[in-house]
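Undergrad: build me a model:
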Amino acid sequence: MENEISWSELPFGYMKCDYNVRCTFKDGKWGELRVSDSDEVSMSIAATCLHYGQAGFEGMKAFRGKDGKIRIFRIEENGKRLISTCQGVMMAPLPLELFCEAIKKVIKLNEKMVPPYESGSSLYIRPVLFGTGAQIGVRPAVEYEFIVFVMPVGSYFKDGFKASPCCILRHFDRAAPYGTGQWKVGGNYAAGLQAGVKAHDMGYSAVVYLDARSKKYIDECGPANFFGIKNNFYITPMSESILPSITNNSLMTLAKELGMNIEQREIPVEELETFDEVGMCGTAAVISPISRIDDLDKNKTYKFIENNTPGNICSTLYSKLKAIQYGDEEDKYNWITTVE
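TA: Numbers count the residues shown, from 1 in each chain. Next up, the predicted model:
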């Protein structure tokens, strides 16, 4: 199958690979990892994931370097975030060691599906954990399933590393204060579907959400965290509703290395006028520079980039992070796990 794949032309979408890895929580404990060649799941029609949203997931990537080695980016941080999600929606947390073992195992089983170096593609890894216990009544399940599956993918945004426009839509919220915004659960994404489709239909790549409490501050973008660059500062929002992005955390570290100052704080909408560059960041896209933000309710446009060409800081950070992921630059921060 891999001989038929045009690696450099892959979309960001689902493709069935040979194997996935699974593990079941039952009788108060996690079982052994097992391998499956099916991409289907059988569960009760009364499973808590179907009725009460007891489900969480992660998004990760593995890369094949020039030396042929396969590298996983920040595996332990993804495992810790999944544990946090489990605690947030009252699921049985998966031990970090078991998480890491499952990720390495599924990559090794599907090694031939890791795209070649310089193809512009990578192996996307999707761990998902959900309640399968059958019950009608709003309470945590007693049984859970953990599955990790993979697929080769291209760029998340169809135009790749190019700047694109976004918009502000005040009559939509991604997550409520003190809700589930800080955990990676499906409900947060379901809440953004209507706004996301509306924005895409108008020609925007994503919605820039404002905080649900006051509608005064930048929260995050539909598919990713938000950041802005000005006066040698890397500035990203602070909010109780934002998913802690591992990519954003990594970019802040690299920005410090470049001599930049870092600020995590409230960002008033009006401050957009002062930024030299702004962008979205996350596992899927790494960095997606924003060319302009149209505040449709206020009939105001904040423009950052001409001709959709990414700014210097966005380009530098993007190139630096990708170089570490592919093994082209020294991994000073122990972010990389090599699959033996």
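Undergrad: wait, is G259 part of a helix?
TA: No: in this structure, G259 is coil, not part of a helix, as judged by DSSP: H, G, I helix; E, B strand; the rest coil.
Undergrad: spatially nearest residue to it, not counting backbone neighbours?
TA: The spatial neighbour of G259 that comes closest, neighbours along the chain excluded (Cβ to Cβ, 6 or more residues apart in numbering), is N232 at 7.2 Å. C-beta: built from backbone N, CA, C; applies to glycine.
Undergrad: surely the one you found touches I262?
TA: No: in this structure, N232 is not within contact of I262 by Cβ atoms under 8 Å, at 10.5 Å.
Undergrad: the residue nearest to G259 - how many residues pack around it?
TA: Using other Cβ atoms under 10 Å, N232 has 12 other residues around it.
Undergrad: do the same with N299
TA: 7.
Undergrad: again, but for the one 4 residues further on
TA: Residues contacting K303 under the criterion other Cβ under 10 Å number 13.
Undergrad: where's it relative to S288, distance?
TA: K303 sits 16 Å away from S288, going by Cβ to Cβ, to the nearest Å.
Undergrad: do T24 as well
TA: Distance from T24 to S288, by Cβ to Cβ: 37 Å.
Undergrad: neighbour count for those two, which is higher?
TA: With neighbours defined as other Cβ under 10 Å, T24 and S288 compare such that S288 has more, 28 against 17.
Undergrad: quick one: secondary structure of the residue nearest to the more buried one when sequence neighbours are not counted?
TA: Using Cβ to Cβ, 6+ apart and skipping the chain neighbours, the partner closest in space to S288 is M280 (4.6 Å). Of the three states, M280 takes strand according to three-state DSSP.
Undergrad: isn't M280 up against P223?
TA: Yes: between M280 and P223 there is a contact under Cβ under 8 Å: 6.9 Å.
Undergrad: what's the strand or helix carrying A195 packed up against?
TA: A195 belongs to helix 186-201 when elements are defined using DSSP states H and E. Here helix 186-201 touches strand 55-57, strand 206-210, going by 3 or more Cβ pairs under 8 Å, 6 or more residues apart in numbering; DSSP states H and E.
Undergrad: for that helix, give the mean pLDDT please.
TA: Average pLDDT, helix 186-201: 95.
Undergrad: export only the CA atoms of that helix, formatted as CSV.
TA: The C-alpha trace of helix 186-201 is given here as CSV (Å, rounded to 0.1, in the frame of the first residue of the first chain):
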residue,chain,number,x,y,z
GLY,A,186,-14.8,16.2,22.0
GLY,A,187,-17.4,18.5,23.4
ASN,A,188,-15.2,21.5,23.0
TYR,A,189,-14.8,20.8,19.3
ALA,A,190,-18.5,20.1,18.8
ALA,A,191,-19.2,23.5,20.3
GLY,A,192,-17.0,25.1,17.7
LEU,A,193,-18.4,23.3,14.6
GLN,A,194,-21.1,25.7,13.8
ALA,A,195,-18.8,28.8,14.0
GLY,A,196,-16.1,27.0,12.1
VAL,A,197,-18.3,26.0,9.2
LYS,A,198,-19.7,29.6,9.1
ALA,A,199,-16.2,31.0,9.0
HIS,A,200,-15.0,28.6,6.3
ASP,A,201,-18.1,29.4,4.2
